[in-house]
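K.L.:
sequence and computational prediction follow.
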Amino acid sequence: MDVQGERFGRHLRLLRSAEYKRVFAGSARSSDKSFTVLARENDLGHPRLGLAISRRQVPTAVARNRVKRVIRESFRLHRRQLPQLDIVVLARRGAAGKSGAELRRSLARHWSRIGGRCAG
RNA sequence: AGAGUCGGCCAGACAGUCGCUGUGCCCGCGAGGGCAGGGAGGAAAGUCCGGGCUCCACAGGGCAAGGCGCCAGGUAACGCCUGGGAGGCGCAAGCCUACGGAAAGUGCCACAGAAAACAUACCGCCCAAGCACCAAUUGGUGCCGGCAAGGGUGAAAAGGUGCGGUAAGAGCGCACCGCGCCGAUGGUAACAUCGGUGGCAGGGUAAACCCCGCCUGGAGCAAGACCAAAUAGGGGAACCAGCGUUUCGCGAUGCGUGGCCCGCGCAGUUCCCGGGUAGGUCGCUCGAGGUACAUGGCGACAUGUACCCCAGAUGAAUGGCUGUCCACGACAGAACCCGGCUUAUCGGCCGACUCUCCCG
């Protein structure tokens, strides 16, 4: 497995509904107008990401895809700074209208905040 | 040059870099890695029609319900497309049409108006015939009556215009137009043209019920097929005998019923079987497929030959960043697959045609 690169393979994602439920059941959270970020410790030695972008909050498919890509990209670039956490990002109503740069800034804040909370 | 009509096409480009996801090859026990190549749309959308595919149902016929509705063709099929007809709009190129039946029945049509239909007579028009009176030559007045041309109401008053006709009128007669019926010709047909004939049916509404003709079984890829852990539960079998051996040793599930054995019941252990959840695999992309050419056809399209393989995800990929350029980038994201329709859309390109103006 590579250590240097910024890869984002399947092992870094939440793949089952049971894994999502575990995070929803009890977790640290961080939110602003664009996102709510939930996180719960795992024992894998690396963080994992799951997305929950509802049609209610982001109505058009194109916008939903855009939001998901921005989140994944941001996670990919930050994941080596994150502790071993299962993270679920929920989009909120504000996310639909924001630019990519705004969303990235918001996510960067969430990563550091959620990392600090779970470490403590 | 301007205005416009129709048809087709494109949907920021290029480079670098970091990623994601299938495919092929290679490396690796494996996890994974490397290289090559592919990776959203004209609407992928709405889910409104039509088909393929899958499962269920199904002898045949009828009813109901729903849909469709000028004619011919195309197609797997269609509510789509092409060509044609009719009606309407536009100077034109062209465009639009839910375009069967109101001479089967029912319903509805405000208000106005005398009357909205076997007609009727409000204002009117007429006194020719008959009768009465006056005058007395043929005139006048009235009664009995006649009329539906004119006015008025209305969306509509039972064909229209003109001439003749008459007391006044009237398809009463005639001509042309309109309508119905019959025939001929052209056309596959819708229909058109012409001729004859009848003085002449008939208000609208069928995306109101209805009538006529044609079409339609139901559900959908979360269809459906296969593999299948753990836990709980279902069915079956075994455990009431033996085994090793010179002596002898090992072993016999428990409880209830019963004096005891067999048997029966409950529990237990082991094994097997089927259903099936999580999860996984298939369905899943080679197809009514594209591109080019040829042939047939006005065309939609069909046939033939050659070449090409062109997304296949599944907590769900198809992207991020940087640089350069320009016309500064709209609507918008595949989820089994096709054919349509409809709706959204910054802008640009190409072709054909029409009208107006100017120059020659």
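P.N.:
Structure received.
K.L.:
give me the three-state assignment for the most centrally placed residue in chain A.
P.N.:
With distances taken as CA atoms, centre = their mean, the residue of chain A nearest its centroid is residue A:89 (4.0 Å). Classification of residue A:89 by DSSP: H, G, I helix; E, B strand; the rest coil places it in strand.
K.L.:
if I pick residue A:25, what's in contact with it?
P.N.:
For residue A:25, the contacting residues are residue A:40, by CB atoms under 8 Å, 6 or more residues apart in numbering. (Glycine included, C-beta is placed from N, CA and C.)
K.L.:
got a pLDDT number for it?
P.N.:
If you check residue A:25, the pLDDT there is 83.
K.L.:
okay but residue A:41 is in contact with residue A:87, surely?
P.N.:
No. Using CB atoms under 8 Å, residue A:41 is not in contact with residue A:87; the gap is 10.6 Å.
K.L.:
for the two, indicate the residue with more neighbours.
P.N.:
Each of residue A:41 and residue A:87 has its neighbours counted (other CB atoms under 10 Å); residue A:87 has more, 28 against 14.
K.L.:
now the more buried one, nearest residue through space, not along the chain?
P.N.:
Among residues not flanking residue A:87 along the chain, residue A:39 sits closest, at 4.7 Å (CB to CB, 6 or more residues apart in numbering).
K.L.:
go on, residue A:75?
P.N.:
That would be residue A:49: by CB to CB, 6+ apart, it lies 4.7 Å from residue A:75.
K.L.:
doesn't that neighbour lie inside a strand?
P.N.:
Yes. According to three-state DSSP, residue A:49 belongs to a strand.
K.L.:
quick check: residues of chain A near RNA strand B?
P.N.:
By CB under 7 Å from any atom of the strand, the residues of chain A that approach RNA strand B are A:1-2, A:5-11, A:13-18, A:20, A:50-52, A:60-62, A:65-66, A:68-70, A:72-73, A:76, A:88, A:100-101.
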